[in-house]
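K.L.:
Next comes the sequence, and after it the predicted model I'd like to discuss.
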Amino acid sequence: MVVVVKKDASEEQIRDILKHLEDYGFKTHVSVGEMRTIIGAIGVQPDFDIRKVKILEGVADVYRITDPFKLASRNFKKEDTVVNIKDCKIGGDNIVLIAGPCSIESEEQIFRLAEIVHSSGAKILRGGAFKPRSSPYSFQGLGEEGLKMIRKAADEFGLLVITEVLQIGQIDLISKYADILQVGARNMQNFSLLKELGQSDIPVMLKRGLSATIEEWLMSAEYLLSSNNKNVFLCERGIRTFETYTRNTFDLSAIPVVHEKSHLPVIADPSHATGLRNQVPPMARAAIAAGADGLMIEIHDDPEKALSDGPQALLPNQYLDLIKELKLIAKAIGRNL
């Protein structure tokens, strides 16, 4: 249920509305927008008479949200969410760039690539320290040593750090080094992890699951939002279909659909979506044209020797050439990259 507060409502009236809703058994979430203040009342009470709230002083309107995801819904918050991290804005008119290797392999490697990321104008350095691999015999990441390396490299070049968290026990450790926590596709429906991350104020990027519908994806975002973390954005990274010529099927249509249904920013990851270097640039261009709020792109200066996902990593010169093209597309649709 959404409660629209009158523009001239006093703080006392808003507190009274919140108290009534909580007394009725609802969990409340307040969203203060440019034009209006919204109170989301969350709770399974299908027979509740909304007139009890409509008569309260300071209430302009009350209506039910039919979407199963409430706080992620565009009905709850009309304005686009913009996640602010230091001088970086994710969402709105700007398109954010996230780039770096799949895995942190050494201090020399992450410093070389961080310099390239910085020179491209990107704001965020990516790199995995804990890697969820299909095979238990594959490289699993450098752990905390890798986190120290990427933090040092990011600080050297004025970048933010995003890296993946795999389990609840890693949250405190990774939060010491990272500015953004990534929930990978395999953990999209790890609800215990999402609840814990929701209790943190560190921003979270939620990747779409391998076979997840858009509704399931947004319901996972709801776990983060309902646990009080408002700094949430999404990442479309391709879904599993019957097609075999690409690693996954890049669901470009998910970008405008999510923008219609939700206020959350949507990042696109063409590297994981396609799995092949030559397919990354055209899909990156298409994602910007489709309205993505940012891109996550893997790069490596010696991909043949990469410890993970070398075939999908762009070489530095390919990456820098792509950024030039993307800036032209962004300008054509009235956005900045």
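P.N.:
Nice, I can see it.
K.L.:
can you give me the strands for the stretch 201-337 of the chain?
P.N.:
For the stretch 201-337 of the chain, the strands defined by DSSP state E, counting those that start in this stretch occupy 204-207, 232-236, 266-268, 294-298.
K.L.:
Output those as CSV; include the columns mean neighbour count and mean pLDDT.
P.N.:
All C-beta spots, glycine's among them, are computed from the backbone N, C-alpha and C. CSV is the format used below for these (neighbours: other Cβ atoms under 10 Å; pLDDT from 0 to 100):
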stretch, mean neighbour count, mean pLDDT
strand 204-207, 25, 98
strand 232-236, 26, 98
strand 266-268, 27, 98
strand 294-298, 27, 98
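K.L.:
Please render those as JSON lines that adds distance to Asp172 to the earlier fields.
P.N.:
Formatted as JSON lines, the entries for the strands of the stretch 201-337 of the chain read as follows, by distance: least, Cβ to Cβ, whole Å:
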{"stretch": "strand 204-207", "distance to Asp172": "15"}
{"stretch": "strand 232-236", "distance to Asp172": "19"}
{"stretch": "strand 266-268", "distance to Asp172": "25"}
{"stretch": "strand 294-298", "distance to Asp172": "24"}
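K.L.:
Nearest to Asp16, out of those strands?
P.N.:
Go through these one by one with Cβ to Cβ and the one that ends up closest to Asp16 is strand 232-236, at 29.3 Å.
K.L.:
Between strand 294-298 and that closest one, find me the angle.
P.N.:
Counting by axes from the mean of the first three to the mean of the last three Cα atoms, to 10 degrees, strand 232-236 lies at 60 degrees to strand 294-298.
K.L.:
Could you list the paired strands of strand 232-236 along with their orientation?
P.N.:
Within its sheet, strand 232-236 is paired with strand 204-207 (parallel), strand 266-268 (parallel), according to DSSP bridges.
K.L.:
closest to Met149 out of the strands of the stretch 201-337 of the chain?
P.N.:
strand 294-298 (17.0 Å).
K.L.:
Mind giving me the packing neighbours of the closest one?
P.N.:
The criterion is 3 or more Cβ pairs under 8 Å, 6 or more residues apart in numbering; DSSP states H and E, and the helices and strands that strand 294-298 contacts are strand 96-100, strand 266-268, helix 270-274, helix 280-289, helix 316-332.
K.L.:
which one of these is the most hemmed in?
P.N.:
Mean neighbour counts were taken over these using mean count of other Cβ atoms under 10 Å, and the top value, a mean of 27, falls to strand 266-268.
K.L.:
gap between that one and the chain center?
P.N.:
The offset between the C-alpha centroid of strand 266-268 and the centroid of the whole chain comes to 7 Å, using Cα atoms, centre = their mean, to the nearest Å.
K.L.:
still on that earlier bit, make a markdown table out of the helices and strands packed on strand 294-298 and add distance to Ile202.
P.N.:
Compiled in a markdown table, the helices and strands packed on strand 294-298 are given as follows (distance: least, Cβ to Cβ, whole Å):
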| stretch | distance to Ile202 |
| --- | --- |
| strand 96-100 | 16 |
| strand 266-268 | 17 |
| helix 270-274 | 22 |
| helix 280-289 | 25 |
| helix 316-332 | 27 |
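K.L.:
Please name the residues that touch the closest residue to Ile104 other than its chain neighbours.
P.N.:
Sequence neighbours aside, Gly146 is the residue nearest to Ile104 in space, at 3.8 Å (criterion: Cβ to Cβ, 6 or more residues apart in numbering). For Gly146, the contacting residues are 103-104, 127-129, by Cβ atoms under 8 Å, 6 or more residues apart in numbering.
K.L.:
Helix, strand or coil: sort out Ile90 for me.
P.N.:
For Ile90, the assignment made with DSSP: H, G, I helix; E, B strand; the rest coil gives strand.
K.L.:
And for it, the neighbour number?
P.N.:
The local packing count at Ile90 equals 28, with neighbours defined by other Cβ atoms under 10 Å.
K.L.:
ok, so what distance separates it from Phe233?
P.N.:
Taking Cβ to Cβ, to the nearest Å as the measure, Ile90 and Phe233 are separated by 5 Å.
K.L.:
what residues do these two have in common as contacts?
P.N.:
With contacts taken as Cβ under 8 Å, 6+ apart, the residues that reach both Ile90 and Phe233 are 83, 203, 265, 267, 293.
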